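**Student:** With the sequence up front, the predicted model follows.
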Amino acid sequence: MSQTLLETDGLTVRFGGHVAVDAVSCAFRAGELTAIVGPNGAGKTTYFNLISGQIAASAGRVRLMGEDVTRLSVAERCRRGLGRAFQLTNLFPDLSVLENVRLVIQARHRKGFNLLSMASGHAEITTAAMAVLERVRLSDRRDHKVSELSHGNQRKLEVAMLIALDPMVYMFDEPTAGMSVDEAPVVLDLIAELKHDSDRTILLVEHKMDVIRTLADRIIVLHNGALAADGAPAEVMASDVVQEAYMGKALEDV
């Protein structure tokens, strides 16, 4: 069996009297893409926020490659191999497309801006950044300010920055949201390409069932913050839990 790269054990968060994520235990293995689905308000993005550290857990644990990272900052989790692309773009709007990707690669290698390293080290960083931009079909916009890009191209740049980070765990929160039918396939093809790396794992929050059918090796379903189903795509998508959730009917206690 593949190595478990990420694990949540009884992960819970409460906001006042409301339990937004309710004791969710899941293990995510290398070489596997897991789609996280559920109706609006099911707790999908909150679960992502707990894993990546944007929200502090009320109870439970997050383990990354066997280490407890529950109390670590977002930045420290990132340094240890957890990378997330946000549902809303999280970019530097006044910098160029190339500079955005360069900054990620520079941070990953912990190279600062000093004149002695600029000629050699920074040239290597620029070359690496351009290679990433080629992958996301943005090399022709390398000198454009991010604020000048269309929404779809900003989403592609966000994926480029995540690829540049080179994490062990990729987290995508609705990566094609707001993208046109022409733009979305580029991002989906990139995620499919990332699946070929059997040393990494991918988590995907997505509403579009055709995307899930195409990409997912496994589906987990959240409902009212709790884990309602977990298994192979065909099995889970045929289940009453998913059928009822996506038909908009009220789910009974699961």
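**Tutor:** Sure thing, it's come through.
**Student:** wait, what's in contact with the residue nearest to residue 54 when sequence neighbours are not counted?
**Tutor:** The shortest distance from residue 54 to any non-neighbouring residue, by CB to CB, 6 or more residues apart in numbering, is to residue 74 (6.3 Å). To be clear about C-beta, it is placed using only N, CA and C from the backbone, and glycine gets the same treatment. By CB atoms under 8 Å, 6 or more residues apart in numbering, the contact list for residue 74 reads 52, 53, 54.
**Student:** Also residue 157?
**Tutor:** 89, 91, 97, 100, 101, 136, 138, 146, 149.
**Student:** pLDDT score for it?
**Tutor:** For residue 157, the pLDDT comes out at 91.
**Student:** what does residue 2 give?
**Tutor:** So residue 2 comes in at 79 (pLDDT).
**Student:** same question, residue 242
**Tutor:** For residue 242, the predicted pLDDT is 72.
**Student:** now do residue 248
**Tutor:** Here the pLDDT value assigned to residue 248 is 52.
**Student:** which SSE is the residue nearest the centre of the chain in?
**Tutor:** The residue lying closest to the centre of the chain (CA atoms, centre = their mean) is residue 171, at 1.7 Å. Using DSSP states H and E, residue 171 sits in strand 169-173.
**Student:** and for that strand, what are the contacting residues?
**Tutor:** 5-6, 28, 45, 48, 51-52, 64, 81-87, 159, 162, 191, 194, 200-206.
**Student:** Now find how far off-centre it is within its chain.
**Tutor:** 2 Å (CA atoms, centre = their mean, to the nearest Å).
**Student:** Then stretch 209-225?
**Tutor:** Centroid separation for stretch 209-225 versus its chain: 14 Å, with CA atoms, centre = their mean.
**Student:** With just CA atoms, put it into PDB.
**Tutor:** Only the C-alpha atoms of stretch 209-225 are listed here, as PDB (Å, rounded to 0.1, in the frame of the first residue of the first chain):
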ATOM      1  CA  MET A 209     -19.400  15.900 -11.300                       C
ATOM      2  CA  ASP A 210     -17.800  15.600 -14.800                       C
ATOM      3  CA  VAL A 211     -14.500  16.900 -13.400                       C
ATOM      4  CA  ILE A 212     -14.700  14.400 -10.500                       C
ATOM      5  CA  ARG A 213     -15.500  11.500 -12.700                       C
ATOM      6  CA  THR A 214     -12.500  12.300 -14.900                       C
ATOM      7  CA  LEU A 215      -9.900  12.900 -12.200                       C
ATOM      8  CA  ALA A 216     -10.800  11.200  -8.900                       C
ATOM      9  CA  ASP A 217      -9.300   8.000  -7.700                       C
ATOM     10  CA  ARG A 218     -11.400   8.300  -4.500                       C
ATOM     11  CA  ILE A 219     -14.300  10.400  -3.300                       C
ATOM     12  CA  ILE A 220     -15.100  11.400   0.300                       C
ATOM     13  CA  VAL A 221     -18.500  13.100   1.000                       C
ATOM     14  CA  LEU A 222     -19.000  15.600   3.800                       C
ATOM     15  CA  HIS A 223     -22.500  16.400   5.100                       C
ATOM     16  CA  ASN A 224     -23.100  18.800   8.100                       C
ATOM     17  CA  GLY A 225     -19.400  18.700   8.700                       C
END
